[in-house]
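Asks: Here you go, sequence then predicted model.
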Amino acid sequence: MKKKPLAGLLKKPLADLFILPLIALLAACLVSAPVSADVVQKLYDAALPLESGRAELSQVQIREGLRQVFVRVSGESELDVEPGIAEALADPKPFLSQYNFRRQRDELGQERVILDMSFSPRQVNGTLQSAGLPVWSSNRPAVLVWMVIDTAQGRQFLNAENSDMALQALREEAYRRGLALQFPLLDLEDRGALSVDALWSMSVNQVRTASERYRAPYVLMGKATALSSGSWLASWAVLEAEQSQRLDTQGMGINQVLAPVIDFIADSQADQYALTGTGQDAQANLIAVKGVADFATYAEILTYLEGLAVVEHANLVWADGEDMVLELVLKDSLDKAQRFLSLDGRMQPLLGVTSGVDVKSGLMLQARYRWRGQGR
């Protein structure tokens with residue numbers, strides 16, 4: 001069946017758009033949820049090794065598990081002193097939805113007991129919002145990791161074959177703060193763009209070039225040395241857009257050198273993407289979108305926008321040809337919404353075009369975009 005242009009269905013002023021409720025319903029039916037930023041799994045879960053080796057549940061364990069979940073969901077590492085959080089941690093059992101024990105062997109082959117706990121997302125989110133703390137959705141910017149490990153066997157890229165312990169520690173620390181890690185393929189293309197020596201010398205430009213194919217919003221590059229004493233030394237650079245931040249860390253174990261840089265990235269991401277609004281004071285903003293070829297495209301755009309954690313609703317205000325104006329009702333600021341839109345590149349900002357009155361629609365716009373249709 002031939003696709004109909006959006007302008008053929010919708011003609012200009014909002015007052016004339018009597019079929020909008022039907023369109024919204026059809027949009028929900030015709031389009032499946034779009035692929036968005038990387039999804040972090042098990043945000044509301046916690047796993048604790050039990051030093052006693054006995055499968056027993058205690059208030060202390062529930063409290064520690066809930067504290068980990070509060071940190072992971074809010075993006076705030078220091079929240080124990082917040083009144084609402086302190087009260088919840090004093091009586092954590094009502095938050096616990098299920099738990100179980102399992103046995104697992106560590107890297108030395110010794111068996112240990114792990115306590116797995118799941119907490120109520122509704123209660124966790126509600127407590128954070130009541131305490132005035134942000135809630136960070138599971139859709140989070142990917143962090144591409146380039147790392148060189150220097151051991152007795154020489155310097156090598158971090159991978160599962162030669163750095164299993166370091167890789168496991170990195171994943172543990174990332175999960176602690178809810179980061180979405182991405183690892184390079186380390187194929188011929190990667191190794192041609194970036195050598196071990198170049199990464200060891202912390203060549204930011206070469207890492208940027210090698211990272212282009214992955215299009216990750218964040219890049220973590222680093223080198224780590226394991227000393228004979230058992231301690232570790234590491235140097236890092238965190239790349240975001242054109243910015244870079246350097247850190248040096250040290251510790252008696254690999255987790256101790258990883259934790260500070262993971263915390264740094266998580267704090268930075270949470271500041272940009274965690275939502276501080278509750279939805280009760282939702283803000284409305286008008287944005288223009290070009291490239292709306294037909295009704296199916298319109299439905300795809302609407303579903304994509306309403307799938308973003310920061311968007312409460314997306315409503316059509318005006319349409320003409322391949323242009324339309326949408327009202328975005330947001331849970332947070334427009335600036336934060338634009339950060340979400342930049343993650344996958346499906347909405348391309350129109351360069352050189354600022355906010356202001358739109359000539360065609362006569363409406364005051366806060367931003368202008370072109371729909372690209374598929375992610376980066």
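Replies: Now that the structure is in, tell me what you want to look at.
Asks: For the host helix or strand of H313, buried residues please.
Replies: Per DSSP states H and E: H313 is located in strand 311-320. Of the residues in strand 311-320, 311-312, 314-319 count as buried by neighbour count, 16 or more other Cβ atoms under 10 Å. In this view, the C-beta of every residue, glycine as well, is placed from N, C-alpha and C.
Asks: Sketch out the low-pLDDT regions of the chain for me.
Replies: 1-37, 106-108, 277-283, 354, 375-376 (pLDDT under 70).
Asks: Tell me which residue is most central in this structure.
Replies: A centroid search over the chain (Cα atoms, centre = their mean) returns R140, at 0.8 Å, as the residue closest to the centre.
Asks: how about the helices in the chain?
Replies: Taking DSSP state H as the criterion, the chain contains helices spanning 6-9, 20-30, 59-74, 83-90, 121-130, 164-177, 188-193, 196-200, 204-211, 254-273, 295-306, 334-344.
Asks: Let's have these in TSV, adding distance to I149 and mean neighbour count.
Replies: As requested, these are exported to TSV (distance: least, Cβ to Cβ, whole Å; neighbours: other Cβ atoms under 10 Å):
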stretch	distance to I149	mean neighbour count
helix 6-9	54	17
helix 20-30	49	13
helix 59-74	27	21
helix 83-90	37	15
helix 121-130	36	18
helix 164-177	6	18
helix 188-193	16	13
helix 196-200	10	16
helix 204-211	16	17
helix 254-273	9	20
helix 295-306	40	21
helix 334-344	30	19
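Asks: got the contact list for the residue nearest to the centre of the chain?
Replies: Residues near R140 by Cβ atoms under 8 Å, 6 or more residues apart in numbering: 37-40, 178-180, 269, 273.
Asks: Could you list the domains of the chain?
Replies: 6-30+277-371, 42-130, 139-273 (automatic domain parsing).
Asks: wait, doesn't A142 sit right on A216?
Replies: Yes. Checked against Cβ atoms under 8 Å, the pair A142 and A216 is within contact range at 4.4 Å.
Asks: what sits in contact with each of those two?
Replies: Any residue near both A142 and A216 by Cβ under 8 Å, 6+ apart counts here, and that gives Q182.
Asks: Mind checking which of the two has more residues around it?
Replies: A216 (23 against 18; other Cβ atoms under 10 Å).
Asks: Taking the buried residues of strand 311-320, tell me the two that lie furthest apart.
Replies: Between all members of the buried residues of strand 311-320, the longest pairwise span (Cβ to Cβ) is found for E312 and A319 and amounts to 21.2 Å.
Asks: follow-up on the earlier one: between the contacts of R140, which is closest to S163?
Replies: Nearest to S163, judged by Cβ to Cβ, of these is L179 at 18.2 Å.
Asks: Count the neighbours of the closest one for me.
Replies: Taking other Cβ under 10 Å as the criterion, the count of residues near L179 is 26.
Asks: what's near enough to touch it?
Replies: L179 sits next to 40, 140, 143, 262, 265-266, 269 when contact means Cβ under 8 Å, 6+ apart.
Asks: What distance do you get for it to D164?
Replies: Distance of L179 to D164, computed by Cβ to Cβ, to the nearest Å: 20 Å.
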